[in-house]
Structure formats: structure tokens, C-alpha cells
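Undergrad: Give me the fold of what follows.
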Amino acid sequence: MSQAQEFIAAIYPHIMRHGWREGLRHHYRTLQRDTAYAPGGFTPAWFTPRQGVWKLLLPGDFATDLFIADASLGAIPIDLSKSYSRVIVYSWYERSADLVRKRAQEAGASNVHVCDRADAGELARLGCCIGISLMVVTRDLVSALGGQGVENGLARILDCVSGFSTGTWTNVFVFPNRHGKIFSGCFPHYCSRAGMTAADLKKTGAPHGLEYAGTHRLRGYPENMVEVGMKGFRAWPGSDRFPAEGLNLRPGGITRALRSRVFFSQSQALVLQRGEKRPTWLHGFLSHLQAHGCGRPAVRRCLAGKPNTVLLELVQETGRSAVCRMPLGKGEITDDRAENNYTALQRLESCGELSRLVPRPVCRGTYQGQKYYVETFLDGEKRMLVSENHARVFEMVRPALLWLHLDAGRDMHIDGQVFRSLAGEGISMLKRYARDREDVRRIQELDRMLKDILLDTQDRLPQIHGDFKLENMLFGSHRLEGIVDWDLSSAFGPPYLDLLYFYAYSFHHSPFSNGRGIMDFVLKRLLRPDPGPVLQNWLEDYSSSLGISPMWEEISGILFWLHYVTRIMGTALPAYDSKAYRENVRVPLAVISEKMRRFA
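TA: Next up is the predicted model:
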């Protein structure tokens, strides 16, 4: 049994009983270990909406049916359902058709139709008229079905689809990376030792009048937060293919605040078409921007990032660049965060010195069901904070922290509604996912204490970035040049929050540790009065420069923990296993309860 099959078998009863989202949460709560980074390369990210980046390559034939032989448990079909009139899905894995139905129903994707079998009877029953077919092949799928099994399956599906295809049928073979350990990006290593070569794939389409139209190699895992070069891709079919030149990195840093990694392996797509080469989804989108007064843009790079968002760097003939955000899937979280980012940029345009550091909002809209948001591109270099340079880096970041309070802050009376934004929403989320009565009691105690301290007071509350870390900052040689990714921002929030976030992520963040480095910092430094000399100096400078009440420093650690657990890690909270819940929620609650008694 392959890794994906084991995962499907484990989640199947939970999803059939509770639905897709709540079923996954229920599954993870029953685990005693973190499966997100299980041995062998498996990760549930294989089945997230970020796989929808592939739609940029598909033809813009939106009126006909799109058929997909899917290995993403519905992630790709659901995203495609926003643009294409009807999506017909055959799921490769046994029993996964039921899961895809549940997921599509929960997402409101009523135009996704799932077939139990890929045969003529099923397609005839649906009255299919297929203009595009998409065959997703992963290494895990090959381990499950065998190389010959995959080859035979592809040939059988193409034979079936051919009988219901249009005269302009396009078939795309997609080989996503990050689906198991793949040591080479070549086609032969996906299917067998001898391999299904590109020539073999072309031959499968020959009996159906399909001719080779191109191979696209997306280096560096575009479906998992990367940077890919796309030089000269303009709004007409005859231009360079997607992408043109692989990775586009500068030795001194990246001119965009996203972490990027270089790998030797590639993701690939091989396109077969009937007739002339036709415009892709991306060509149509660029034409749409041009028709709406956005100049004549080309795509320089594709940046696929979290949470399940594609970012395109658009460049005009003048050389000016912009960034276009596209939230993938049909989830409220991705749409809300992209909307919140754009709204924050609009709000910050008039905030004095701070506006110089913030991208300018350009336009937003919808193309073929896909929301997009365009902002100006900020140039700069990345910096790493270490013990040797922390004083110099903080000196460059410090003005922005002050401007967030002075230029973008608000003088506010803290009533019930303001309290809900400061702490109430996080407390409500903790109550919703509390595991026992003692946890509920401590959460209610925290709620009462914070209300006693904050309600009916008057104070100045700063604009909150919410993800204030070096990865989201761009530097020049002597100063901070830009702050990006405002999707977790708030119009107002508690003082110290962004400062503590900056320190925590600079010195305590451990990737792939499920937040353990940050939680150690919260427990050892914030909830107990021992911030350490560096942070203590930063806190004293911040409070004296802004004249902040000592009360805020007393509760700053509690509010930071609340923000981190319910906003930054909020999507993970419902799915915590018992160990993660204890480390991130129960133990901090116990320490906070002790701290509140001392504070009282």
C-alpha cells in the first residue's frame, strides 16, 4: 500500500462521518504523532489547493467540459471549477471518489462531477463534451499501481475521453513534484526503470489526433512556495512558453519577501493538442488585465506561496513591476487573507512615512471565477538576524514599529467590540476547541481578567502587521525599504505585538517544528518575567519612545500567545493531536493562570 493509500484509508471513516474539513480535524486529533512530516516524503500538502497553480497552463476553453484523472483528492478539480463550466473527475485511488464528492460538496463546487469509473457509460450518462483533459501522475501513484498499470490506465482513459472530445481537444500530462522522493525531473523516473518517456507520452495521443505542443518544466516545486522564472510571457499564444528560463535568483538575495529554495528536480507538464496552439488560461488573464487599463503586462516570475496563493510578478514595457495575488481553491481563509492584504494597503496609503514602505494597491477583480489583487512590486534585499548584527538590523526596523503606532495607530475607547478584536475572538476560538473542563475554566478566567484590565479604558492602539518578520521585509544598504504580506494585519491591536513577533521569529522560530521554538520562547521568556537582555532593551526603548502604559507590557506575553495560537497557527489548532495541544494550549494556560494570580 502506498503512502497516499494509507492516508486515504486513515481519513476515510472520519470524512464520511464528519465531512472533509471537520473529518480531517477529527483524524489528526486521534493521532499521537505529527504526520505532517512523516518519513518517506509524504505530506498532506499533496492534497491542498496550492496544486491549482497548474491551471495557468491550461487552455482557456471555458465553455466545454474539463476532464481530470486526479491524484489530489479533489484539490485541483475544485480550484478549476471556479473557471471552467463543468469539471469531470476520475480519481485514481480506490475509495477516493467518495472523499472527492464530500470535499466538493462542502466547498460548494456544484459543477464538479465525480465518476466511479473512467468508461464511456459514465461519460455518456453525464453528456460530456470534453475540450480539455488533465492527467495527474505522481510517484506515489506509480508505487500504488505500478509503472505498467499507470501506462495502461492513461491509454485506457484517453481512449474513453476521445469519444467525447471536441475538435480542439487538448490533453495535458502533469507530473507534480513533492509527491514522494523524486531524484530526477525526467519522465523515465516517474513510471518504470525503462520508463515512460516523452516519446511514449506523445505516442499515446497519436491515435486520437493529438500532436505535441510543448513541455513545461517548473523547477523548484511551484506548487509549494517557490520562485520560478517566466521571462517574456505575454498575452498572445506565440510567445515563450511557461516558464521560459527556470529559477531567477540573485546571488545577493531575492527581490521579493518569500523564502525560495533551489532543487535539481522539476515539476513537468507535457501538452498534446488537436489543431493550432491556443491561448492558455494565463494568456487570457493577461489580456483581461490589458483590457481593464493595466497596460500590456508580461509575467516575469511565478511565486507560489502559502496559504495556497499564486503570486505573479508582472512587468510593464516601461520596466515597472507589480505583484498579482491569486488565492487558490474555494476556501474562505485564502480569499479572506488576500482581501485583507489589499484592504490594508489601501488603508496605509495615507499613513505618512509608513506609506513609503508599503506596496501601493493597483487594482483587483475577478477573471473566470478567480479573484486577483494587484499591488506594486518593492525592490530590496533580504537580511538575516544574528547575534552579531541584531542591533544594526533593529535600528533599521525600529522606525517602522514607531510609525505603526504614531502614523497608523488610533486613539480608541476600548468597549466590547474593540475588546473582541484585541482578545475576544482568540478566546472564543480557544473555548470552541478546548479539550476538557479545566481548560474551559482557565480560558473563562483569562477572559474575565483581560476584560477587567482593558474594558472602558482609553488608549492609542497601533496598526498591526501580524506577521512582522524578516521574511516579509526588504532592505537597502542603510535602511528598511519595504514591508510586504499584510494579509494577517489588523487596523488596530495591542502594543508590543509586532515587536515581540519580530524578536520571536528572528531568534526562536524553528521550521518544521510545529511552532515548538516559538512556544518555548512564550513559556520561558514572555509568560515568566525573564525576557533576556536584548529583548528587554527593545521593550524599554519601545515603551519610552511611545509612552505606553506599563499595563500593556504586563499582558503583552499573554496577548502575543493568544495571537500566535489562534491567528498564526489558527488553522492547525482544531487538528492538534494530544501532544501538540498540551504544548501549545494546556501548558501555557496553566502558566497564564499562575501569572494572573500574581498580577491580581
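Undergrad: helix/strand/coil for residue 73?
TA: What DSSP: H, G, I helix; E, B strand; the rest coil gives for residue 73 is coil.
Undergrad: Tell me the spacing between the spatially closest residue to it that is not a sequence neighbour and residue 573.
TA: The shortest distance from residue 73 to any non-neighbouring residue, by C-beta to C-beta, 6 or more residues apart in numbering, is to residue 47 (4.2 Å). From N, CA and C alone the C-beta is placed, and that goes for glycine too. Distance of residue 47 to residue 573, computed by C-beta to C-beta, to the nearest Å: 20 Å.
Undergrad: Who has more neighbours out of the two?
TA: Neighbours per residue (other C-beta atoms under 10 Å) separate residue 47 from residue 573, with residue 47 holding more: 23 against 19.
Undergrad: can you pull the contacts of that one?
TA: Shown in contact with residue 47 (C-beta atoms under 8 Å, 6 or more residues apart in numbering): 72, 73, 74, 75.
Undergrad: Out of the helices and strands in this protein, which is least certain?
TA: strand 226-233 (a mean of 33; mean pLDDT, DSSP states H and E).
Undergrad: could you point out which element follows that strand?
TA: strand 266-273 (DSSP states H and E).
Undergrad: continuing past that following strand, what's the next helix or strand?
TA: Immediately after strand 266-273, counting by DSSP H and E, sits helix 281-291.
Undergrad: Check the average confidence over that following helix, would you?
TA: Averaging pLDDT along helix 281-291 yields 91.
Undergrad: now stretch 350-365
TA: The model assigns stretch 350-365 a mean pLDDT of 95.
Undergrad: List the contacts of residue 522.
TA: 504, 557, 560, 561, 564, 588.
Undergrad: Next one: residue 202 relative to residue 484, how far apart?
TA: For residue 202 relative to residue 484 (C-beta to C-beta), the value is 42 Å.
Undergrad: Which one of the two is surrounded by more residues?
TA: Applying other C-beta under 10 Å to residue 202 and residue 484 shows that residue 484 carries more neighbours, namely 24 against 16.
Undergrad: Direction included, what does the longest strand that the chain contains pair against?
TA: In the chain, assigned by DSSP state E, the strand with the most residues is strand 165-175. As defined by DSSP bridges, the strand partners of strand 165-175 come to strand 130-136 (parallel), strand 266-273 (antiparallel).
Undergrad: Contact partners for residue 163?
TA: 120, 123.
Undergrad: pLDDT wise, what is it at?
TA: 94.
Undergrad: Contacts for stretch 439-452, please.
TA: 419, 423-424, 427, 430-431, 434, 555, 558, 585-586, 589-590, 592-593, 596, 599-600.
Undergrad: swap that for stretch 90-106, please
TA: 4-5, 8-9, 11-12, 15-16, 19-21, 23, 67-71, 73-74, 77-78, 81, 89, 110, 112, 114-118, 136, 141, 144-145, 153, 157.
Undergrad: I would like a PyMOL command selecting only the buried ones among those residues, please.
TA: A single PyMOL command suffices to select whichever of those are buried according to 16 or more other C-beta atoms under 10 Å:
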select buried, resi 4+5+8+11+12+15+19+20+21+23+67+68+69+70+71+73+74+77+78+81+89+112+114+115+118+136+141+144+145+153+157
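Undergrad: which ones among the contacts of stretch 90-106 are found in helices?
TA: Of these, the ones assigned to helices by DSSP state H are 4-5, 8-9, 11-12, 15-16, 20-21, 23, 77-78, 141, 144-145, 153, 157.
Undergrad: quick one on the thing from earlier: export the contacts of residue 47 as TSV, with columns for pLDDT.
TA: Converted to TSV, these look like this (pLDDT from 0 to 100):
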residue	pLDDT
72	88
73	92
74	92
75	89
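Undergrad: I'd like those residues laid out as TSV, including distance to residue 413.
TA: TSV is the format used below for those (distance: C-beta to C-beta, whole Å):
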residue	distance to residue 413
72	49
73	49
74	47
75	45
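Undergrad: Out of those residues, flag the one nearest to residue 581.
TA: residue 73 (25.5 Å; C-beta to C-beta).
Undergrad: Now that closest one. Its backbone dihedrals?
TA: The phi and psi values for residue 73, taken as degrees, to the nearest 10, are phi 50, psi 40.
Undergrad: wait, what's in contact with it?
TA: Counting by C-beta under 8 Å, 6+ apart, residue 73 has contacts 8, 47, 91, 93, 96, 99, 100, 103.
Undergrad: Over to residue 390?
TA: 506, 534.
Undergrad: Kindly provide the distance from it to residue 166.
TA: Residue 390 is 61 Å from residue 166, by C-beta to C-beta.
Undergrad: Kindly report the same for residue 528.
TA: Distance from residue 528 to residue 166, by C-beta to C-beta: 67 Å.
Undergrad: So for these two, which sits in the more crowded spot?
TA: Counting neighbours by other C-beta under 10 Å for residue 528 and for residue 166 shows that residue 166 has the greater number, 16 against 13.
Undergrad: Let me know the pLDDT of the nearest residue to the more buried one once chain neighbours are set aside.
TA: Sequence neighbours aside, residue 131 is the residue nearest to residue 166 in space, at 4.8 Å (criterion: C-beta to C-beta, 6+ apart). With respect to pLDDT, residue 131 scores 95.
Undergrad: Now do residue 131 against residue 78, distance only.
TA: Counting by C-beta to C-beta, the gap from residue 131 to residue 78 is 19 Å.
Undergrad: And residue 112, by the same measure?
TA: On the measure of C-beta to C-beta, residue 112 and residue 78 end up 6 Å apart.
Undergrad: and the protein, what are its domains?
TA: 3-217+261-276, 390-599 (automatic domain parsing).
Undergrad: starting at the chain centroid, how far to stretch 574-582?
TA: 22 Å (C-alpha atoms, centre = their mean, to the nearest Å).
Undergrad: quick thing: my sequence starts at 45, can you match it?
TA: Sure thing, new numbering starts at 45, so read that last one as stretch 618-626.
Undergrad: list the buried ones in it?
TA: Quick answer for stretch 618-626 (16+ other C-beta under 10 Å): 618, 619, 620, 621, 624, 625.
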